[in-house]
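> Take a look and give me a structure for this.
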Amino acid sequence: MHYSCCGKIPWFVALVFVGSSTTVPLVAAPPKIEPLELFARHCVTCHNTSDPKAGLDLSQAESALKGGDSGTVIVAGKPSDSLLLERIADGSMPPEHDGRRLTGDEVSAVKSWIEQGAAWPATKTLSQFEFTTERRAGYDWWSLQPIRPPAIPVAARATANSAIDAFVGMRLQTEGLQLAAPADRVTFVRRACFDLIGLPPSPSEIEQFLTDIAPDAMDRLVDRLLASPHYGERWGRHWLDVVRYGESDGFEHDKYREHSWPYRDYVIRSLNSDKPYAAFMTEQIAGDALPGVTHETMAATGFLVAGPWDEIQNVGASPTEKRRAREEQQEELVAAVSQTFLGLTVNCARCHDHKFDPITQSDYYRLKATLDGVDHGNRPWLTAEEQRTWDAKLKPLAAELVAAKSLLVDVSKQLPSDARLERGADQPLVAGRFGQTFSPQHAQVAAAHSPAYDVPPLTVECWTRLNSKSNFNILVACNPKDSGDHWELYTYAATGELSLYMPGCKPAEIRSGVDICDNEWHYVAATIDEGKVQLFVDGKLVHAAGITRPKRGGKQGALQFAAIAEQKLGCAGLVDEVRLSRGLRTIDHLPAAPFTVDADTLALWHFDEATGGLFADAVPPPADRSVEAIRRQQAETRQKIEQLEASIARQQQPKLYAGVRRQPEPTVLLIRGDLTKPGPLIPSGVLSGVRTVAGFWQLPADAPEAQRRLKLAEWIAHQHNPLPWRVMANRVWQYHFGRGFVDNSSDFGFSGGQPSHPELLDHLAGELQRSGSLKQLHRHIMTSRVYQQASEIAAGPVAQRAHRIDADNRLLWRYSARRLEAEIVRDAMLTVSGQLNRQQGGPSFKPFTVTVFNTHFYHLQEQDRPEFQRRTIYRAAVVTGRDPLLSALDCPAPSLAAPKRQETVTPLQALGLMNDAFVQRQAAELAARIAAKLLPVNEQISQLYLVALGREALPAETSAARALVDEHGLRELAWALLNSSEFLFVR
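Purely as a prediction, here's the structure:
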């Protein structure tokens with residue numbers, strides 16, 4: 001019988017095929033080993049273009065075949081002559097401390113590749129960032145991959161309330177563990193209240209929840225708390241920790257920022273309104289660049305300047321130091337943006353490519369160029385329309401003021417100009433800043449006819465070049481020293497700092513910290529106002545200080561220039577151009593020409609040979625009127641000017657500490673971060689390693705500053721950017737459970753490690769990405785069985801085993817109890833004592849007084865006034881005026897980002913909680929609150945427990961408490977409860 005190939009298959013052949021398909025598993029062929037991929041994974045970290053060790057660059061064909069310091073390492077077709085093969089075969093490369101050695105199969109693959117000609121496409125460049133290795137993250141690092149919602153585990157669904165329970169339950173099942181029993185209802189309501197609003201529930205709120213037996217009682221409790229205006233205060237505090245929000249500059253001067261609070265209020269309002277997270281991010285980076293700018297979006301950009309700022313180094317140091325300070329400031333801003341929203345430490349790539357993450361130095365400078373137009377400072381808190389209205393409102397007053405000043409100039413020109421300088425004939429004239437000046441090496445110079453003036457306000461300016469700081473170089477002074485208004489603008493001996501002496505000040509009290517004795521010309525100035533003086537060098541503010549209010553009137557004394565203390569010797573240098581002005585001039589630039597006379601000028605001296613030191617040439621001979629009549633008209637005009645200026649001052653624009661903007665200069669990459677080693681120009685842009693949003697940046701190199709930030713904000717908040725959604729989902733989980741899936745919620749790079757529950761993290765990130773709602777994310781978490789677990793370790797073998805193998809509860813087999821944060825401890829004490837002032841928003845309360853002596857000193861004062869009883873988030877967050885009790889309880893310094901707070905146990909905490917005046921006061925108020933009900937003692941004890949701890953006292957507790965109350969009073973029991981773990985911990 002013949003069988004066609006197209007006919008039936010013989011039975012034995014069919015049997016073979018059936019057997020093959022049902023009983024013999026198909027074994028996948030091992031993946032092909034690519035030598036170039038091996039080089040990318042194991043070699044180019046050290047042997048790359050930017051820093052080739054041993055002179056060997058293995059990132060490109062040309063350089064690899066060229067070799068390094070040891071000669072040629074790859075000889076195509078000749079493995080035996082290839083040094084690279086020899087080194088990897090004997091195990092000397094890669095070095096053991098840099099990662100694992102290559103396997104035998106991998107070495108063989110490299111050998112075969114060389115034998116076959118070492119094919120390497122000319123366009124193929126290997127990147128050290130391409131693959132994740134034992135030492136660093138690559139472009140394939142988990143956090144940089146797209147968010148793909150994982151399938152919910154089926155096996156764990158039976159006992160799950162939500163997808164969260166399914167993911168956690170599956171992980172527990174693999175370890176032979178299970179969730180703990182649910183927490184009791186009192187514990188749950190306290191946990192929910194502290195988590196969402198940061199305040200303890202009242203007895204009536206607890207009672208209402210306990211009597212609600214509906215199946216959705218917990219869901220409705222969560223919804224009610226999410227709708228509370230206190231929710232934004234609680235979660236706003238978390239956000240302010242992350243963004244390093246402070247209300248003073250920090251550093252050695254720590255100047256207070258009066259207008260920084262609108263950003264804090266913006267955060268609270270945004271969270272309360274459940275603003276979509278993409279909008280929340282965008283507004284903080286570029287709210288003032290959005291179409292239709294509002295007060296809200298302007299306040300949002302306070303984020304950019306929420307951190308510390310070294311004003312003196314940025315405005316008052318030498319040009320090199322100012323540039324260095326500017327680089328430091330921009331690194332701080334890059335760090336804040338990248339860590340807050342992306343969870344990446346881009347700032348670590350300022351001097352070199354990132355050591356652990358796929359972030360190049362060029363990435364850092366692209367981000368810096370994008371943000372380089374941001375400077376610290378106040379700005380008007382007005383929209384464009386409001387600014388136009390404001391200008392129109394002030395225009396008549398401004399025009400009237402200009403006319404009055406012009407009249408004063410005309411009147412002043414009619415006065416005699418006979419005031420001259422007395423100087424010795426032997427004083428040589430030398431080259432000055434403008435024209436000629438005298439050399440005050442042999443005699444001091446004094447004004448023969450000083451003008452009349454009244455301090456304050458007063459502005460004094462001069463040009464000077466000083467070459468020695470061994471003495472007190474007096475530039476301009478009002479003598480004699482026994483006059484009531486004596487003052488001196490001088491340089492402090494030994495340091496050369498520009499300084500000012502005023503009546504009532506201690507010697508050397510007002511010092512700028514800026515050395516001007518460097519043999520260079522400097523334009524220096526001082527403004528003297530009621531209770532405040534400012535020093536300027538080269539048009540920049542270098543110091544501001546509060547002073548005792550100067551005396552007005554009295555004898556002004558003669559003006560004196562270029563002296564050394566009381567000696568008859570000139571100062572060590574030159575003085576040229578001195579101008580004394582009534583009022584406070586705006587000192588914000590270097591004068592490019594000699595000083596001129598205007599309405600505010602009291603006197604002006606040019607030191608040159610032609611005039612012999614006459615007053616300004618602009619002063620003509622007097623008119624035919626008497627001097628007295630001119631003086632009267634001058635006084636009347638000045639009074640009118642003062643009135644107009646006061647009227648304008650009363651119309652002060654609302655201000656906002658959200659920084660000022662300028663168009664950035666071209667950004668240059670600095671080799672190893674060195675200012676003296678400029679590299680190539682770098683345009684604005686974003687991170688090359690986030691490839692899910694590739695090709696997004698399309699801006700010209702000279703794009704406007706606002707457009708750069710707006711484009712950056714859109715890139716960060718892009719739906720395809722996986723980082724912000726993962727980072728924020730992790731933060732929310734961390735604040736609910738005390739620990740995130742990633743331990744460092746601001747570092748999703750290699751140092752941050754792998755997430756403990758990657759599928760659950762992506763599930764939550766995907767939910768946030770789709771909805772944009774933080775409140776929905778809270779609801780999803782808090783209605784899960786995982787969140788509602790008890791925190792106690794049960795007595796059964798399963799729980800005991802869980803405690804042995806997972807003592808730190810990474811697997812989430814119970815709820816982890818944790819101490820309340822410092823601010824919540826304070827707020828809770830105020831709540832139970834009945835003293836909490838629930839006023840929201842507005843300027844911060846300042847429980848301190850401030851003195852200025854070269855720096856700002858914040859002196860704490862008693863905090864028993866009603867305005868001091870507001871929630872702690874409204875306390876002025878100054879760097880050096882921190883509350884010692886809050887600091888002991890791990891409240892972080894405002895100048896530092898705190899994505900996760902420390903939780904320590906120290907003796908200082910116990911001492912503070914026992915002895916701090918605030919705690920003692922709240923204990924007394926709590927006891928008085930209970931005593932006012934005039935209940936029997938045992939009922940007072942029961943009420944005290946109910947208010948403080950949310951439950952009634954147990955019989956044994958009542959007995960012990962009664963003995964304490966009988967001996968020491970109800971206050972001592974209240975004090976003990978406020979110090980108890982049950983009050984201080986959320987369980």
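> alpha carbons only for contacts and neighbour counts from here, please
Will do.
> Which stretches in the stretch 51-200 of the chain count as strands?
Counting by DSSP state E, counting those that start in this stretch, one finds no strands in the stretch 51-200 of the chain.
> In it, where is pLDDT below threshold?
97-99, 155-159 (pLDDT under 70).
> just so I have it, where are all the helices in it?
With DSSP state H, counting those that start in this stretch as the definition, the stretch 51-200 of the chain shows helices at residue ranges 61-66, 83-89, 104-115, 163-174, 185-196.
> Quick one: list the elements packing against the fourth one.
For helix 163-174, the elements it packs on are helix 758-771, judged by 3 or more Cα pairs under 8 Å, 6 or more residues apart in numbering; DSSP states H and E.
> The shortest one now?
Under the contact criterion of 3+ Cα pairs under 8 Å, 6+ apart, helix 61-66 touches no helix or strand at all.
> tally of neighbours for residue 860?
The number of residues packed around residue 860, counting by other Cα atoms under 10 Å, is 15.
> Tell me the pLDDT of the nearest residue to it once chain neighbours are set aside.
Taking Cα to Cα, 6 or more residues apart in numbering as the measure, residue 860 lies nearest to residue 848, with 4.2 Å between them; neighbours along the chain are not counted. The score at residue 848 is 93. That number is its pLDDT.
> To residue 463, which of the helices of the stretch 51-200 of the chain lies closest?
The closest of the helices of the stretch 51-200 of the chain to residue 463 is helix 61-66. By Cα to Cα, the value is 58.5 Å.
> mind checking how far that closest one is from the chain centre?
46 Å (Cα atoms, centre = their mean, to the nearest Å).
> hey, where'd the strands end up in the stretch 551-700 of the chain?
Remark: strands assigned in the stretch 551-700 of the chain by DSSP E, counting those that start in this stretch are 558-564, 573-582, 601-605, 655-657, 660-661, 667-670, 678-682.
> and stretch 467-487, what's its mean pLDDT?
For stretch 467-487, mean pLDDT rounds to 68.
> and the end-to-end length of it?
Terminal residues of stretch 467-487 lie 23 Å apart, using Cα to Cα, to the nearest Å.
> can you check stretch 870-883 too?
Across stretch 870-883, the terminal residues are separated by 15 Å (Cα to Cα).
> What of stretch 876-896?
Counting by Cα to Cα, you get 15 Å between the two ends of stretch 876-896.
> which residues touch that stretch?
By Cα atoms under 8 Å, 6 or more residues apart in numbering, the list of residues contacting stretch 876-896 from outside reads 241, 244-250, 254, 256, 307-308, 821-823, 844-848, 857-860, 898, 901-904, 908-909, 912-913, 916.
> check contacts around residue 201.
By Cα under 8 Å, 6+ apart, the contact list for residue 201 reads 189-190, 193, 950.
> that's a strand at it, yeah?
No. Secondary structure assignment (DSSP: H, G, I helix; E, B strand; the rest coil) places residue 201 in coil, not in a strand.
> Would you mind giving me the confidence score for it?
As summarised for this prediction, residue 201 has a pLDDT of 98.
> again, but for residue 597
Confidence per residue is given as pLDDT, and for residue 597 that number is 65.
> Would you map the helices across the stretch 551-700 of the chain?
In the stretch 551-700 of the chain, the segments counted as helices under DSSP H, counting those that start in this stretch are 627-650.
> ignore the last one, the stretch 751-900 of the chain
Using DSSP H, counting those that start in this stretch, the helices of the stretch 751-900 of the chain run over residues 758-771, 774-782, 797-805, 822-833, 884-888.
> Which positions in the third one come out as buried?
Yep, that's helix 797-805 we're talking about. 798-799, 802-803 (16 or more other Cα atoms under 10 Å).
> Distance from it to the middle of the chain?
For helix 797-805, the separation from the chain centroid amounts to 42 Å (computed by Cα atoms, centre = their mean).
> Sweet, I'm off.
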